[in-house]
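1. below are the sequence and a predicted model for it; my questions follow.
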Amino acid sequence: MLGLVACGGAPAPGAAKSPDGSAVAAGPKVLKGSRLSMWLPDGMYRGTRLLALRLDEPLLVVALAEFTGEDEAGGAQLLAGMREGAELPQAEETTRGDARGFIGAAPGINGMTKQILGLKSGKTGALLVVQYQAGAEALAKRILDSVRVDEHAQLDPLQLAGISLGDFAGLEVMPTLSQPILLVEKGARPPLSSKALRFTLVNMPYPKADVSDEELGQMLGGAIGDLKPDTERAKGSEFQLDGRPAFFMIAPGASDGEPVAIYGFIARGQDTALVGFGHVGVASAEKDLPRIERLVQSLKFDDSVLGPR
């Protein structure tokens, strides 16, 4: 969620290339699985599985995150956290339709201008980070002015990320955040026990071009680092995930001081890696780890989320 802000809010210039025929008709757009609509200019496209849209000329990037609180107060708390995480030097209150929130400017990457818009309607809301070069000011303003949040629509983090699952293995997606995607036992709600089964999916950008298998492993290690995996006792293997090269690892670890069994995988994509990781209590590992494996093996990639809208 707040990684949009922490990572500069968008892929760096040059991180994605427009596919042939990427021009689209300007007008209101909604990404698959999103509750947001906004005006977008001709030629804007989604080049990677990251939640970002890009216009090459003049350079303009829109990154987004969506959230759902347990209730209206929970939604307000999430929006406040996003505002704090954005570290805006100055922000002002704003409205878009029925949604209320804030807008402010912050230093962008590579000399770009960055504006951050946070909105909440009921218990739902969103954060948009718009970065642009000189010459795109009018386009950025029109996009920001056009944003609307449909609090009655359903947020589908899997569809938004271009992922589908054929077997949820008794789990369900918590719609708290658009990314990372958290799956828990059906009906489970926070606070979750440290031994409770949970699984997270997240699209991660590569730190550089031509990432090696060793560097992919380091990305997976970073994702599960907080679970203190015992790598000396880890077991793993390469496998194919919907036709893509992937690697999984099972290792003992700890969560909140409690021993757990960790399952993690990383799959290589063209522009991003898909990372999945979760843990279960040691006592239930024999029963629950195969459930995670079933869920992972049923995963499919939807490439229709990429390219022109």
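-> Ah, there it is.

2. tell me which residues of the longest helix along the chain are tucked away?
-> In the chain, with assignment by DSSP state H, the single longest helix is helix 72-86. For helix 72-86, the neighbour count (16 or more other C-beta atoms under 10 Å) marks G75, A76, L78, L79, M82, R83, G85, A86 as buried. C-beta: built from backbone N, CA, C; applies to glycine.

3. and for stretch 114-124?
-> For stretch 114-124, by 16+ other C-beta under 10 Å, it's K114, Q115, I116, L117, G118, L119, K120, S121, K123, T124.

4. please report how far the fifth one lies from L158.
-> For G118, the distance to L158 under the criterion C-beta to C-beta, to the nearest Å works out to 24 Å.

5. what's the answer for the second one, then?
-> Taken as C-beta to C-beta, the spacing of Q115 relative to L158 amounts to 29 Å.

6. swap in the first one?
-> From K114 across to L158, the span is 29 Å (C-beta to C-beta).

7. do the last one as well
-> Counting by C-beta to C-beta, the gap from T124 to L158 is 17 Å.

8. likewise the third one?
-> Going from I116 to L158 by C-beta to C-beta gives 26 Å.

9. and the spatially most central residue of the chain, helix, strand or coil?
-> The residue lying closest to the centre of the chain (C-alpha atoms, centre = their mean) is Q179, at 2.9 Å. Assigned by DSSP: H, G, I helix; E, B strand; the rest coil, the conformation of Q179 is coil.

10. going forward can the numbers begin at 820, since that is how I track them
-> I'll keep to 820 as the first residue from here, and by that count the last item is Q998.

11. surely it meets L977?
-> No: with contact defined as C-beta atoms under 8 Å, Q998 and L977 do not form a contacting pair (10.3 Å).

12. what comes into contact with the longest helix of the chain?
-> 820-821, 824-825, 884, 886-888, 910, 920-921, 923, 925, 935, 937-939, 941-944, 946, 995 (C-beta atoms under 8 Å, 6 or more residues apart in numbering).

13. redo that, cut-off 10 Å
-> 820-825, 828, 884, 886-890, 910, 918-921, 923, 925, 933, 935-946, 948, 970, 995-996 (C-beta atoms under 10 Å, 6 or more residues apart in numbering).

14. still on that earlier bit, now render the buried residues of helix 891-905 as TSV, adding distance to L878.
-> Listed next are the buried residues of helix 891-905 as TSV, based on distance: C-beta to C-beta, whole Å:
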residue	distance to L878
G894	33
A895	34
L897	30
L898	28
M901	25
R902	26
G904	25
A905	21
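
15. I'd say A924 and M931 touch.
-> No: judged on C-beta atoms under 10 Å, A924 makes no contact with M931 at a distance of 11.2 Å.

16. pretty sure G1041 sits in a helix.
-> Yes: G1041 sits within a helix when classified using three-state DSSP.

17. that one: what's it in contact with?
-> For G1041, the contact set (C-beta under 10 Å, 6+ apart) comprises M1023, V1094.

18. got the confidence number for it?
-> Listed pLDDT for G1041 reads 95.

19. I'd like the distance between it and H1098.
-> Counting by C-beta to C-beta - G1041 and H1098 are separated by 16 Å.

20. for E991, same thing?
-> 18 Å.

21. please apply the same query to D1075.
-> 11 Å.

22. go on, V1003?
-> 12 Å.

23. SS state for V1021?
-> The three-state assignment at V1021 reads strand, by three-state DSSP.

24. which ones are touching it?
-> V1021 neighbours (C-beta under 10 Å, 6+ apart): 822, 980, 998-1001, 1042, 1091-1096.

25. now with 6 Å?
-> By C-beta atoms under 6 Å, 6 or more residues apart in numbering, the contact set of V1021 is Q998, P999, V1094.

26. look at the first one and report its pLDDT.
-> pLDDT for Q998: 94.

27. and the last one, by the same measure?
-> Per-residue confidence at V1094 stands at 98 (pLDDT).

28. so it versus E970, what's the distance?
-> V1094 sits 30 Å away from E970, going by C-beta to C-beta.

29. higher neighbour count, these two?
-> Taking other C-beta atoms under 10 Å, V1094 and E970 do not tie; V1094 has more neighbours (21 against 16).

30. out of E991 and H1098, which sits in the busier spot?
-> Neighbours were tallied for E991 and for H1098 using other C-beta under 10 Å; the higher tally belongs to H1098 (31 against 13).
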